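>>> just the structure for this:
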Amino acid sequence: MWRRRPGLRAVRNLRQLSTVIRRRITDEGDWSYASEWWGTESDGRVVLRSTSDKGNGVVSVAAFPASKPSKLHWAETERWLEKRYKEIDESHDYNEKFRVVGYEWRCLRFNDDTRQSTVKVLAAFRQSEPACFALMQQPHCLAVPYLKSMLSVGLASIACCDYNLKKVANGKETMRVLCIGHGGGSLPLFLASKLQGAMVDMVEIDPVVISASVQAMGFPAYSVMNPSGERAVSKPDIMDEVMWKGIHERLFLYESDAEDFILKTNNVYDMIFIDAYDGEDIFPRKLWDTDSPFMKALSSRLHPDHGTVVVNLHSDCEVLNPDGSVPSILEQVLPMGKYVSQVCQAYKNVVVGSRDSGLGFTVSVPWICNMSMVVCRGFGINGGYTNRDVMLHTLMSKSFDVENILNLPFSCLQYVKRGFRLFD
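Numbering: from 1, shown residues only. Below is the predicted model:
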């Protein structure tokens, strides 16, 4: 979830800002395309609407046309689907043809206003079953800048702990990842598609959000788990296999309260990503209060040498009074912002504590009023980093490694260095 930065010109005029991003390949999630999906729900086509009883109010998904990829590239995608189909089961009809219907943005909202997630989906069908459309979320496309920020700073940080990201990308080593707060599922899907060794657990308290991500946002249905810890679907259907084989086996989506999950799991995670605002735009106190069961258990659920936590926060740095207090007029619209410094310190105390190594920092997110907070164990274990500039330089250097290893369509550098601030 994110806040748009005040004072920006209309999104349709932001195209020139994206030119600062160095790209090896086309970034279909570039912020310049936000004008295609930023409109109100009435500007799009509502494809799902339901009421949550978990604090998210009215949950809806609206569809908007996507300009990329152009129709010139659809035939290439159809050939890829046909090739995958043949690889799944040699007994299938080799003459089966696939057709791309088009691409759309799908925007998940709470209470008809708050934009929770935006994804791009491919719609396609087999010619033998033209009435059965399948949606495939595009895992390479991160439409919202704060997701790129979280991934950039998180992966660069763990790489600074002598963690071998290249072996994970090649599937030679396993990375355990936990994502708290699911939304449309862009972040875990991106990780699982880029890192062949990533095993990603996802925790979402709201079953309506889970249904929205699977039914209307093209997230793999096979990832959904039941309370017993088994797959809700025992065997994926053929279209899911075609689209997701090799990825959906490493995704595990649980309907659970985050606190309950982390108290019960025995997994030790290399990375934990937290993006858990509710329908009132509030980050639950129990996810940052050092006295809460969640925070007390968090330390033991992180790898002792390189465990890294990344949290999406709403920024308050540009709107506070000189004394650090929140202007009274903003009290109701920034329910989380005034706690940013407390959240940062709480996570630093829990994750790093009295360790000799480790650090905590925040960066600001371009174009929107969000911050990414990182707390990392093991950073500087060999170098004894104490200087802010040295730490930032090290992170910037590792960000280039992350880009190259994952062949990212965007540059990590601007997300790592923007508004970099250490906290004690």
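>>> for the stretch 151-300 of the chain, which segments are assigned as helices?
165-169, 186-194, 207-215, 238-244, 258-264, 293-298 (DSSP state H, counting those that start in this stretch).
>>> okay, now the unreliable bits of the stretch 51-200 of the chain?
Along the stretch 51-200 of the chain, segments meeting pLDDT under 70 span 91-94.
>>> in this structure residue 400 contacts residue 417, no?
No: counting by CB atoms under 8 Å, residue 400 stays clear of residue 417, with 11.9 Å between them. Using the backbone N, CA and C atoms, a C-beta is placed for each residue, glycine as well.
>>> isn't residue 232 up against residue 211?
No: look at residue 232 against residue 211 with CB under 8 Å: they stay out of range, at 11.3 Å.
>>> please, which helix or strand holds residue 101?
strand 98-110 (DSSP states H and E).
>>> tilt between the helix or strand following that strand and strand 98-110?
Next helix or strand after strand 98-110 toward the C-terminus (DSSP H and E): strand 114-126. Using axes from the mean of the first three to the mean of the last three CA atoms, to 10 degrees, the direction of strand 114-126 lies 160 degrees away from that of strand 98-110.
>>> quickly run through the sheet partners of strand 114-126, with directions.
Its sheet considered, strand 114-126 pairs with strand 98-110 (antiparallel), strand 134-137 (antiparallel) by DSSP bridges.
>>> can these go into TSV with extra columns for distance to residue 308 and mean neighbour count?
Converted to TSV, the strands paired with strand 114-126 look like this (distance: least, CB to CB, whole Å; neighbours: other CB atoms under 10 Å):
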stretch	distance to residue 308	mean neighbour count
strand 98-110	26	21
strand 134-137	25	22
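>>> centroid-nearest residue for this structure?
residue 187 (2.5 Å; CA atoms, centre = their mean).
>>> give me every residue that touches that residue.
142, 147, 150, 151, 179, 273, 275 (CB atoms under 8 Å, 6 or more residues apart in numbering).
>>> roughly how far does it sit from residue 409?
Distance of residue 187 to residue 409, given as CB to CB, to the nearest Å: 15 Å.
>>> what do you get for residue 89?
Counting by CB to CB, the gap from residue 89 to residue 409 is 32 Å.
>>> which one's more surrounded, the two?
Using other CB atoms under 10 Å as the criterion, residue 89 and residue 409 rank with residue 409 on top: 19 against 9.
>>> quick check: closest non-adjacent residue to that one.
Nearest residue to residue 409, sequence neighbours excluded (CB to CB, 6 or more residues apart in numbering): residue 27, at 3.9 Å.
>>> am I right that that neighbour is in a helix?
No: assignment of residue 27 by DSSP: H, G, I helix; E, B strand; the rest coil gives coil, placing it outside any helix.
>>> shift numbering so it begins at 7
Noted, 7 is the first residue going forward, which turns the last one into residue 33.
>>> what confidence value was assigned to it?
Looking at residue 33, its pLDDT is 96.
>>> hmm, who's touching the helix ranked longest in the chain?
Secondary structure of the chain per DSSP state H: the longest helix is helix 394-412. Contact with helix 394-412 is made by 30, 158-159, 161-163, 165-166, 171-172, 175, 200-201, 365, 367, 385-386, 389, 391, 414, 417-419, 421-423, 426, 428, as judged by CB under 8 Å, 6+ apart.
>>> gap between residue 203 and residue 252?
Residue 203 is 12 Å from residue 252, by CB to CB.
>>> tell me which two of the contacts of residue 193 sit farthest apart.
Largest separation among those by CB to CB: 148 and 185, giving 13.7 Å.
>>> residue 134 is nearest to which of the helices of the stretch 157-306 of the chain?
Comparing these against residue 134 with CB to CB, the closest turns out to be helix 244-250 (10.5 Å).
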